[in-house]
Each structure stands twice: as structure tokens, then as C-alpha cells.
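Enquirer: Sequence and predicted structure below; questions after.
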Amino acid sequence: MTIEFIEGLIRLALPLCCISLAGLLYSRVGLVNIALDGQVVIAAICYVVGTLSSSFPIGLLLAFLVTSLIGFILFHAKEQLKLDALLVGIGLLYICYGSSGLICKIFFGNPGYALLGEGGIGELEAKILAAVICLLILVSEIYLRKVRVAKIIGESKELAIIEGINIKRWCIWHNLAGAFLISLGAIGLVEHGGSYTGQVSGGRGFLALAIVAIAGHRGWVVLAWVILFAAGQKLVYSVKVPSELMEATPYLLGILILVIRGFLKKN
Amino acid sequence: MTLINIIFTAEFLEQLLSKWSLLLLIGLAFLLPLRAGFVNLGLSAQLIATALAMCFVASYTESTFIAILAGLLASSIFGIFPIWLWHKFKANDILTTLFLVYITISSAQFILSSTSDSLAVATPTIPKAAELGVNILIIQLLTLICVLIAWIYLNHTTIGYKTRVIANNPKTVSPKERFKIVAIATVLSSIFITLAVLSDVYISKGRYDSGDYDTVGFAGVVVALLALRKPILTFVSALIVGFLEMLFLLLSVFYKIPQMGAHILYGVGILFAAGLLIKKGEKTY
């Protein structure tokens, strides 16, 4: 287990961790966010556009605003309009994928590739960002475990109403926090690759949903599975696998995670 | 020629009819396991596996019958595998089927790029000896019969009644019995998938091109949900979705809307479909 392996593991794990925790925050207020992968992709392109046009903070802000808008539409559709969440999630997923390609084509002349290059953050800033992300993960974990309101909403909305908790306000906060985490995760993915591509998310949005399905409401379980997945992915990358099959590995590992969890629960 | 004129041409109607029958069969394939409480988002995986199996077996054996059997087998395996995971390991149905789609897409690309001799990444063309000498209209007529079969299955058979009951009350039967009921619904839906691939790939195109079925599974989901989960209404919902898809295609050609623009329009169409299914109920807050 070398320093390089651990460093690589952290680079792989942090974005997925952010995205998974975002998924957990959404699920805590009763939303299975099928559009998560789409949010990651659109956050990635917005970050690249914002950073290259202006600066890193603008890139982050743009990614955050767009992602929170998607989340807000999903919440509103489910809670206020009582629409089918699965259908709305799929619709928003398509809109995110399509919009990302369109934005990339408008700004970079190419629907599937945008080079970040020198416009990205430096080595020191990347380390600071990683430290901030770790802190946020810790804060999210404490919040999910210790804050009474988060626990009640997670258990039962009816109980939350009886307790006089303003669910709408908490939904908004969870949406904003989730959007921020998704933005950070997307930034991590873009900075790692040095560019935006149509496949930038690599299915991590769906993988995050799998991890959240296993974790229930437990943040530390999310972290454990993310590290396990990142280690698995690191090992797979060290083996010479054709690129087409390499794209399938996150999903194969996702199914493996669900099977292992079912096996452990059974025994 | 204007957009409106094209919509009323025989070619457009022919294309619409093909798309309608494909979407209707895929919609029915999604609907049957859904009525049993299993959400199968892996329709694209089943379609791709069926197409690959049919085309490769047809090119090697030059037998239509064996090719269709191979397609049916592939479709059933890809349909039952997630159900088995769901039954044995309580693996989330939405996630496993979704993952299976992306695994199948990547694997299919690998297989096709490895085996394809020409620049086109596709299966071998169906040989003449294995061609099915059937008019496409007959297959489209069979599609209507499939709607009837699905309706009779769900509403006028004991197993169909059990299928509907376990969706809302899974504990009324044992897990083994539940697995059996969902598996039977999936095998029936696999027959619909095989028929869809037979008409679209085997008879019409003569081969499967990489990427053809990557997103069509989601269209089947939209058809089934738009039909309010009733087999009889898939007749209408498939026509609506098929027409919208053809319209988006024409818009992309006429007004140079790029591919991703079509994706956005499709997403908006799905949201619109969701809007038609508004459930009346108490607001949570």
C-alpha cells in the first residue's frame, strides 16, 4: 500500500463521496434523485465555463446555482405538484445531459470535450479543496447523526409535521447542501481529468444512488462503501482492460456492492 | 417541402407505424413486471442482448428459428437475472436494472468493435438463408394482439390477478411464490421484446448498429407510465411518444437542432408526460 496508491485512492474517493452524501441528503427528505448523474455532468460543464470565463469562485457558483435549480425543480415536482418522481427524474436527466452537450458546443465548439488546462486550480489549491471537502464530509456525518431535526425528517415526515418542523425549509436546505456537494464532486472529477467530457461522471451519480440505497441513513456507511469502491476501481485500473469494458466497471462494482450488502444482511 | 407536409406523407406514416409498434412492445414489456411490483429499467439491456444474440446466431447458423430462440433466451436471461438478484439478495431493482443497461451498452460496444470488419460498428448482416419472409405489417398486427394478450393476462387469469395483488401487498405470498410470479411476467415481457427486435432489427434493418437501443428503453418506460399502467392505453401512449420522437427528428433535420437539443426536447416531453399523471393528494407541507 504505497503513498501513491493512497493518494490515488483519495482522488477517486472524494468526488464520489461528495456525490453520495448529496444523494443521502436528498434521500433524507424523501427524494430518490434519479437525476443525480445529470446534475454532476451539468455542474462539471458549468464549472469549466465559469472558471475559464472568469475565475474559480465563479465556476463554483455557476455549478452550484444550476445544480440547486435542478434539485429545486425535482423537489417542487414531487412535493407540490405530486408528479411521478421517477418520470421527472428521468426527464431532468435527459435535460441535464442534453444541456451539458449544448453548453459545451456553444462555448467550445465541441459537444463532448472541453479542456480545462491551465485554467484549473493549482496543486496547493487542490489540496486545500480536498481538506475542505473532508471537513464538509465530517460536518455532514455529524449533522446526519446528531442533529435532531435531520433524524426526525429522515424517520417520518408525519412525525416531523407533528413536531412542528417546517419540512419545506429543511427540504430547501438539504437541496442547497446537496447541490453544493455535487458541485464539489463535479469539480473534483474535472480537475482530476483536466477536462470536461460527456462521460465525466462515469456513472458515479447512479453508483451514488446504489451506495445510498445500502447506507440507509448512515453517513459513515456511505464513506465505507465509497472507499471500498474507490479501492476496487484503483485495482481495476492497474489491470489492462479494454476501454469499452473499463466504462462498465463502476456499474459492475455497483451490482457487486448491492449483492454483498444483501448477502451480509441475510447472514 | 415544409415540416407540416412531410408529416402527411406515406414515408412518415410508415416510419411512425414502425416506431409505434416498437415502443408499444417495449412499453408492454415494462408494464408487466411493473404491475407485479418490479421496476425494470433494464429494457435497453434486454433489447441489445436480444439483437446481438439474434444477429450473431442467424449469421452463424443461417436458421431463423434458432436465431429467434437465441434472442428469446438472451432476453429472458437479462430480464430474470435482476429479479434473481432482487429475490436472493434484496438488491434494489431500479439500480440493478439501470446498471445492467450501462454494462450491456459497454460490453456490446466492445463485442461489436472487436468483431466488426467494416467501419460500421454493427453485427453481421442477417444472411439471405435466415431471412424471415414475412411482411412487416403482419408483425405490426401481432403487436396489437400482444396488447390484448397483456390485458387478458393481467385481468382475466389467476396469475394475472396474483400479479396485481402482490404489487401493493407483497407479503400476501411467500418470497418464492413472488419470485415465480414476477419471473413469469418477465418471461412474457421477454417475448414482447423478442418480437420488437424481430420486427425492428431482423426484418426491417437486417442488422443491429451499435447505439441503436441505448436509450429506447426509457421511451418504453414513458409509454407505460403515460398509459397509466393499463395495457389497453399503451396503444395510444405509444402513438403519442412515437409521434413526438419523429417530430424531434424532423426538427433536428429542418432546424439544425443538434443531437443534444433533441435530448433536451425529449426530457421536456417526459416532464410533460409526468404532468399528465398528476396525482391528486394532500401536500406534505
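Expert: That came through, no problem.

Enquirer: measure residue A:194 to residue A:135 for me?
Expert: Look at residue A:194 and residue A:135: by C-beta to C-beta, to the nearest Å, they are 25 Å apart. (Each C-beta comes from the backbone N, C-alpha and C, glycine too.)

Enquirer: for residue B:268, that is, sorry about that
Expert: 39 Å.

Enquirer: These two: which has the busier surroundings?
Expert: Each of residue B:268 and residue A:135 has its neighbours counted (other C-beta atoms under 10 Å in any protein chain shown); residue B:268 has more, 17 against 10.

Enquirer: Quick one: residues contacting that one.
Expert: By C-beta atoms under 8 Å, 6 or more residues apart in numbering or on different chains, the residues touching residue B:268 are A:91, A:95.

Enquirer: Any regions of chain B where pLDDT drops low?
Expert: Residue ranges of chain B with pLDDT under 70: B:1, B:3, B:117-119, B:256-259, B:262, B:276-285.

Enquirer: what's the answer for chain A, then?
Expert: Filtered on pLDDT under 70, chain A yields the residue ranges A:1, A:118-122, A:124, A:146-151, A:153-155, A:157, A:217.

Enquirer: What separation do you get for the residue with the largest distance to the centre of chain A and residue A:134?
Expert: Residue farthest from the centre of chain A, counting by C-alpha atoms, centre = their mean, is residue A:162 at 31.8 Å. To residue A:134, residue A:162 is 37 Å away according to C-beta to C-beta.

Enquirer: likewise residue A:222?
Expert: For residue A:222, the distance to residue A:134 equals 14 Å [C-beta to C-beta].

Enquirer: Between the two, tell me which one has more neighbours.
Expert: The neighbour comparison of residue A:222 against residue A:134 (other C-beta under 10 Å) goes to residue A:222, with 26 against 13.

Enquirer: Could I get the contacting residues of residue B:94?
Expert: Contacts of residue B:94 by C-beta under 8 Å, 6+ apart are A:32, A:34, A:86, B:39, B:41.

Enquirer: Let's see which of those end up in helices.
Expert: residue A:86 (DSSP state H).

Enquirer: export the contacts of residue B:94 to TSV and tack on distance to residue A:6 and neighbour count?
Expert: Formatted as TSV, the contacts of residue B:94 follow (distance: C-beta to C-beta, whole Å; neighbours: other C-beta atoms under 10 Å in any protein chain shown):
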residue	distance to residue A:6	neighbour count
A:32	33	19
A:34	33	23
A:86	39	17
B:39	39	18
B:41	36	24
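
Enquirer: Now render the contacts of residue B:94 as CSV, adding distance to residue A:250.
Expert: Formatted as CSV, those follow (distance: C-beta to C-beta, whole Å):
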residue, distance to residue A:250
A:32, 19
A:34, 16
A:86, 21
B:39, 21
B:41, 17
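
Enquirer: nearest to residue B:210, of the contacts of residue B:94?
Expert: Proximity of these to residue B:210 (C-beta to C-beta) peaks at residue B:41, which lies at 20.5 Å.

Enquirer: Not counting its neighbours along the chain, what's nearest the closest one?
Expert: Spatial nearest neighbour of residue B:41, excluding adjacent residues (C-beta to C-beta, 6 or more residues apart in numbering or on different chains): residue B:97 at 4.4 Å.

Enquirer: Run a quick neighbour tally on the one you found.
Expert: Neighbourhood size, residue B:97 [other C-beta under 10 Å]: 28.
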